[in-house]
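> Okay, sequence plus prediction incoming.
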Amino acid sequence: MVASAYESEVDLSAGLVEAMTTASSSTLDESSGAKAPLDQSASSARLKSCPDTDAEQQGSERRSREPLAVLLLGPTGSGKTALSLALGERFGGEVVSCDSVAVYRGMDLGSAKPTALERARLPHHLIDVADPDAPFTAGAYSRAARAALRGIAARGRLPIVTGGTGLYLRALTEGLFAGPQRQEALRARLKRSHEKHGKGWLHRVLQRLDAVSAERIHTNDAAKLMRAIEVCLTARRPMTQFLNDGERSRDPLTGFRLLRIGLNPMRAALYERLNARCAAMFAAGLVEETRGLLARYGPVKALDALGYRQARAVIEDALSVNEAIAAAQQGHRNYAKRQMTWFRREPEVHWLDGFGDMPETAQAAAALVAERIR
RNA sequence: GCACAGGUGGCCGAGCGGUUAAUGGCAGCAGACUGUAAAUCUGCCGCUCCUUGGAGCUACGGAGGUUCGAAUCCUCCCCUGUGCA
């Protein structure tokens, strides 16, 4: 039994080697030059981002003439929406949502996306840009958000990014390395083998392809192992190499001065708010919204998002409404905490202690913006 | 009142004489993260002390008892659930 498992592992790895040599280079997006339409702007950005020394010397002077972009970060429920509206109205801004759920049409209640009323106050971008059954990715976000930022700046207005999704925010500001996009067929194959061979198999495969990444990624983290394997096989070089290329391989956002403002309310107060907001979502009809989405799109991955997952459990009779509310509240609290872990690493953040809808906080944030806008 | 079933660390819940500070899970805290990220995953998690590794203390409703040794067995008491009255 052990022997046969090992044999098929060897078989499969032979298959992988074959895949490595036959993978078409057209599967590489950014690096191949075959870009999605939204990516056009990124190529010009990369030209500017070349770190030659002349540019370095003139940097500060040039930078002061670059348009400002405000990045609002903070956990769910910290009041980013309210603050974005306040700042936007005061400084002539437009909002760029950075939220992996708000991008989906129809997922309104559960994602706490700005209401129609709020959206009427200012232009909003990157909300309702995909259907729940059409997967949206960090790469797609980065391209679309950059296009939005440039459009806003071209109109002479202030872009205000409301960041809840750490990876998307990083993809926007730092760029993703020029690796391959998702390879559905490869993933399906890896998933099947993973199920067949069990824990540890993906890790062993990665060890063979890219020992450094294998060292870095935990054996149990199937999602990340899969992506690393996907990168190695499709790009035909180890993911580590992309990582080591650093700046040259990534694609940082340029042409903007960034002002990062972080909201960090007391955790106990935040949790109380999240509990109330979550109960309100259900009261407002989250289960019904979910039922409609389910009927239209089926049980797609997007409907695993917080709140929706619990609402589905109600529809499937696995939870009572009250149990679902409690579970969703718990989920939101956990999520808020994970978001803070991510944002604490973000560079150059001006942290404010309160909620974004508190006058003192709005005041302080406005002062930060005013200082830089001249 | 009688009969069963139970009372385990913040919660749920295993353990049913030694290898048990006590499996798991949840919560909590800290952290990682390049492609559906609101996902996925990791570490710590009774208290105190010293250097990794240890040392000491307190713990399985309460009080006694049996035993070299008890969360685990016995007695009484207290409490909870269910059934019968």
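Yes, it's here. Numbering: from 1, shown residues only, chains lettered A, B, ... in the order given.

> C-alpha only now, for contacts and for neighbours.
Will do.

> Which strand or helix spans residue A:240?
For residue A:240, the host element (DSSP states H and E) is helix A:239-245.

> now for that helix, which elements pack on it?
The helices and strands touching helix A:239-245, judged by 3 or more Cα pairs under 8 Å, 6 or more residues apart in numbering; DSSP states H and E, are helix A:211-216, helix A:222-235.

> neighbours around the closest residue to RNA strand B within the stretch 151-300 of chain A, how many?
Nearest residue of the stretch 151-300 of chain A to RNA strand B: residue A:177, at 2.6 Å (Cα to the nearest atom of the strand). Look at residue A:177: counted by other Cα atoms under 10 Å, it has 21 neighbours.

> Could you do residue A:371 as well?
Residue A:371 has 9 nearby residues by other Cα under 10 Å.

> for chain A, what helix or strand is lowest in average pLDDT?
Within chain A, no helix or strand scores below helix A:40-48, which has a mean of 37 by mean pLDDT, DSSP states H and E.

> Quick check: residue A:240 touching residue A:210?
Yes. With contact defined as Cα atoms under 8 Å, residue A:240 counts as touching residue A:210 (7.0 Å).

> what about those two, which has more around it?
For residue A:240 versus residue A:210, neighbours defined as other Cα under 10 Å are more numerous around residue A:210 (20 against 17).

> which ones are touching the more buried one?
With contacts defined as Cα atoms under 8 Å, 6 or more residues apart in numbering, residue A:210 is in contact with A:232, A:238-240.

> likewise residue A:231?
A:179-180, A:237-239.

> Select only the buried ones of those residues in ChimeraX?
Selection of buried members from the contacts of residue A:231 for ChimeraX, criterion 16 or more other Cα atoms under 10 Å:
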select /A:179,180,238,239
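
> where along the stretch 51-200 of chain A do the strands fall?
Here the stretch 51-200 of chain A has its strands, by DSSP state E, counting those that start in this stretch, at A:68-73, A:93-98, A:124-125, A:158-163.

> anything in the shortest one near RNA strand B?
What that stands for is strand A:124-125. No. Residues of strand A:124-125 are not located near RNA strand B by Cα under 7 Å from any atom of the strand, the shortest gap being 14.7 Å.

> quick check, residue A:262 in a strand?
Yes. Assessed with DSSP: H, G, I helix; E, B strand; the rest coil, residue A:262 lies in a strand.

> Deepest-packed of the helices and strands packed on helix A:239-245, please.
With neighbours defined as mean count of other Cα atoms under 10 Å, the helices and strands packed on helix A:239-245 peak in mean count at helix A:222-235, which reaches a mean of 22.

> how about that one, does it reach RNA strand B?
Yes. Judged by Cα under 7 Å from any atom of the strand, helix A:222-235 and RNA strand B are in contact via A:222-224, A:227-228.

> ok so, going back, okay, buried residues for the helix holding residue A:240 please.
A:239-240, A:242-243.

> Can you show me the helices along the stretch 51-200 of chain A?
Secondary structure of the stretch 51-200 of chain A (DSSP state H, counting those that start in this stretch): helices at A:53-65, A:80-91, A:116-121, A:138-154, A:166-173, A:184-197.

> related to what we said a few turns ago, and the buried residues of helix A:239-245 as CSV, adding pLDDT and distance to residue A:157?
Output for the buried residues of helix A:239-245, formatted as CSV (pLDDT from 0 to 100; distance: Cα to Cα, whole Å):
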residue, pLDDT, distance to residue A:157
A:239, 94, 38
A:240, 92, 39
A:242, 91, 35
A:243, 87, 35
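
> related to what we said a few turns ago, will you turn the helices and strands packed on helix A:239-245 into JSON lines that also has distance to residue A:205 and mean pLDDT?
Shown next, in JSON lines, are the helices and strands packed on helix A:239-245 (distance: least, Cα to Cα, whole Å; pLDDT from 0 to 100):
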{"stretch": "helix A:211-216", "distance to residue A:205": "9", "mean pLDDT": "95"}
{"stretch": "helix A:222-235", "distance to residue A:205": "8", "mean pLDDT": "96"}
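
> In TSV: those helices, plus distance to residue A:108.
Output for these, formatted as TSV (distance: least, Cα to Cα, whole Å):
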stretch	distance to residue A:108
helix A:211-216	37
helix A:222-235	27
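
> among those helices, which is nearest residue A:198?
Among those, helix A:222-235 comes nearest to residue A:198, with 10.6 Å by Cα to Cα.

> what's the angle between the closest one and helix A:184-197?
130 degrees (axes from the mean of the first three to the mean of the last three Cα atoms, to 10 degrees).

> Put the alpha carbons of helix A:222-235 into CSV.
Provided in CSV are the C-alpha atoms of helix A:222-235 (Å, rounded to 0.1, in the frame of the first residue of the first chain):
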residue,chain,number,x,y,z
ALA,A,222,-3.0,23.2,0.7
ALA,A,223,-4.2,26.5,-0.8
LYS,A,224,-0.7,28.1,-0.8
LEU,A,225,1.1,24.9,-1.7
MET,A,226,-1.1,24.7,-4.7
ARG,A,227,-0.4,28.2,-5.8
ALA,A,228,3.3,27.7,-5.4
ILE,A,229,3.2,24.5,-7.5
GLU,A,230,1.1,26.3,-10.1
VAL,A,231,3.6,29.1,-10.4
CYS,A,232,6.5,26.7,-10.7
LEU,A,233,5.0,24.5,-13.3
THR,A,234,3.4,27.2,-15.4
ALA,A,235,6.3,29.6,-15.3
